[in-house]
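J.: sequence and predicted structure below; questions after.
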Amino acid sequence: MQELEEQLSNESSPSDEMLNHYGNVQEKFESLGGFSIEDRIVNILKSFGLEEQMYLPMSFISGGERVRVELARILLSDAELLLLDEPTNHLDMTGIIWLENYLKTTHKAFIVISHDREFLNNTVKKVVQLEDGKANSYKGNYSEYVKQKKEEIERLKKSYELQQREILRLKKLIRQFRQWANEGDNQDFYKKAKEIEHRLERMILIKEPPRNENRLRVEVKSTEKAGKEQIVVEGLVKTIGNRILFENANFTVLRNDRIAILGDNGSGKTCLLKILMGQIKADSGTFKIASSAKIGYVPQIITFSDVNLRLIDVAKTLIGNEQEARRELAKFAFYASDVTKRIKDLSGGEKVRLYLMTIFQKKINLLILDEPTNHLDILAREEIEQVLSKYQGTLIAVSHDRYFLKKIFNQSLIFQNGTIDRYDSLPIDLV
């Protein structure tokens, strides 16, 4: 259309044919959403936190930002079926909620792979679980799937137990008939025993359902008595270049608070944690951490000094006695076959559990976590939630995992427009 407009501008008296052609092209351009496409692009990029990067070359932006650009491109396409693989991984809360609203109102079909349980609750109407080489379908969202799955396991458990009792009864009959056959040299009893054996062979065995055993035995106790005011922040300011992350931040963290730190990507959440941990400095303002506070910190990227160490060696270094070390590892669901694993061979969830085990040996009373559930599967997230639910000290965490936040936290620090506001509840749109 731009070429036609240039041609028309160079013509002092364009022909009717040229004008009609331009009119047809303009009409088609409008029907395809051409006049609104730029606004749509801008709105989606803003929703995904890419406002400042909007006009940068792709080579200038990060990997996570490229994923968000690709997601925006797909949503703007004319595709009738969307295939989304962990679409919330690189989105902040604003982006996740925008995507949820888009999927709830779009007429497009979509298939999504996700470990974000709240996202699944708000977007899907069917869950397909891949298990033992089969695809099992369940109607409803994630919470409804969990309920149906529990009921299914209970039914399987009853059927399995009934079948096992029947198998024992038939085996007992076989032994009995064989004994009678031997004692009386009676071929009819041999024949009867054989018939029951054939019946057993033809039986379709029910696989033993998974046991709902609690693998974690951890009891986390903070033995050190903490002061009432754990952290006091006054007038804190942090900038990056010419951009103010936050200014005049004032808040207090009290003993046994459970505070979720919320805000868009790049708003300064991780910067605040690093300031409190003494890893970077604020531009101005002060903060005070109680002398009685014993801090444990779990960063976004967990690293160990020697990834070739076996788990038992890590525990022995902390505890000393091998028997006690094995007992402590078992509390965090590392059993006999696990303790000889090397750190480098652990999954993401296992690394978080091991890291928490090492921290809790220090008898901490203030635990700070930065995106602890990132890139973990649902089982691993549930295990982390179980550990943290038993922790009795002060807890602060940055997270975009709303399901996790609602289970563990009841207070919030919200980063917005360069300010940090403290609330004695989670935001309404979160709960």
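T.: Right, received. Where do you want to start? Numbers count the residues shown, from 1 in each chain.
J.: C-alpha only now, for contacts and for neighbours.
T.: Noted.
J.: map the structural domains onto the sequence of the chain.
T.: 36-124, 126-212, 229-423 (automatic domain parsing).
J.: so how far is the first residue of the longest one from its last?
T.: Between the opening and closing residues of domain 229-423 lies a distance of 16 Å (Cα to Cα, to the nearest Å).
J.: equivalent analysis for stretch 195-208, please.
T.: 26 Å.
J.: tell me the most buried of the domains of the chain?
T.: Mean neighbour count (mean count of other Cα atoms under 10 Å) peaks for domain 229-423 among those, with a mean of 18.
J.: quick check, distance from that one to the centre of its chain.
T.: Put simply, domain 229-423 sits 15 Å off its chain's centre (Cα atoms, centre = their mean, to the nearest Å).
J.: report pLDDT for Val431.
T.: For Val431, the pLDDT comes out at 53.
J.: thinking again about what came up before, make TSV out of the domains of the chain and add mean pLDDT and distance to Asn10.
T.: Formatted as TSV, the domains of the chain follow (pLDDT from 0 to 100; distance: least, Cα to Cα, whole Å):
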stretch	mean pLDDT	distance to Asn10
domain 36-124	85	27
domain 126-212	91	58
domain 229-423	91	45
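J.: next SSE after the lengthiest helix in the chain?
T.: Counting residues, the longest helix found in the chain (DSSP state H) is helix 142-184. Later in the chain than helix 142-184, the nearest helix or strand by DSSP states H and E is helix 187-202.
J.: give the other helices and strands that that next one contacts.
T.: helix 142-184 (3 or more Cα pairs under 8 Å, 6 or more residues apart in numbering; DSSP states H and E).
J.: can you give me the helices in this structure?
T.: Under the criterion DSSP H, the chain contains helices at 2-10, 16-31, 37-47, 63-76, 93-105, 117-123, 142-184, 187-202, 269-276, 311-319, 322-331, 348-360, 378-389, 402-408.
J.: tell me what the last one is packed against?
T.: Helix 402-408 is packed against helix 117-123, helix 378-389, with contacts defined by 3+ Cα pairs under 8 Å, 6+ apart.
J.: what residues does the first one touch?
T.: Spelled out, that is helix 117-123. Outside helix 117-123, the residues that touch it by Cα atoms under 8 Å, 6 or more residues apart in numbering are Ile96, Glu100, Leu103, Lys104, Ser114, Asn141, Tyr142, Ser143, Ile378, Asp401, Arg402, Tyr403.
J.: farthest-separated two in those?
T.: Lys104 and Ile378 (22.6 Å; Cα to Cα).
J.: dump the helices and strands packed on helix 402-408 into CSV; add distance to Lys194 as well.
T.: Listed next are the helices and strands packed on helix 402-408 as CSV, based on distance: least, Cα to Cα, whole Å:
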stretch, distance to Lys194
helix 117-123, 53
helix 378-389, 46
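J.: for Lys149, what are its contacts?
T.: For Lys149, the contact set (Cα under 8 Å, 6+ apart) is empty.
J.: what about it, distance to Lys157?
T.: For Lys149 relative to Lys157 (Cα to Cα), the value is 12 Å.
J.: check contacts around Val69.
T.: Val69 neighbours (Cα under 8 Å, 6+ apart): Leu45.
J.: if you set the cut-off to 10 Å instead, what comes out?
T.: Contacts for Val69 (Cα atoms under 10 Å, 6 or more residues apart in numbering) come out as Ile44, Leu45, Phe48, Leu50, Met54, Met58, Ile61, Gly63, Leu75.
J.: swap in Ala109?
T.: Contacts of Ala109 by Cα under 10 Å, 6+ apart are Ala79, Glu80, Leu81, Leu82, Leu83, Leu103.
J.: just Ile206 next, same as before
T.: Taking Cα under 10 Å, 6+ apart as the test, what Ile206 contacts is Leu156, Lys157, Ser159, Tyr160, Glu161, Leu162, Gln163, Gln164.
J.: for it, what are phi and psi?
T.: Dihedral angles of Ile206 (phi, psi; degrees, to the nearest 10) stand at phi -90, psi 130.
J.: just checking, Ala293 touches Val253?
T.: No: if you go by Cα atoms under 10 Å, Ala293 and Val253 don't touch, sitting 11.4 Å apart.
J.: distance to Gln187 for the contacts of Ile206 - can I get that in TSV?
T.: What follows is those, written out as TSV (distance: Cα to Cα, whole Å):
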residue	distance to Gln187
Leu156	39
Lys157	38
Ser159	35
Tyr160	34
Glu161	33
Leu162	31
Gln163	29
Gln164	28
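J.: need the max-distance pair from those.
T.: Leu156 and Gln164 (11.9 Å).
J.: what is in contact with the two at once?
T.: When contacts are counted by Cα under 10 Å, 6+ apart, Leu156 and Gln164 are jointly contacted by Ile206, Glu208.
J.: was I right to think Leu205 contacts Leu162?
T.: No: Leu205 lies out of contact with Leu162 (Cα under 10 Å); the separation is 11.3 Å.
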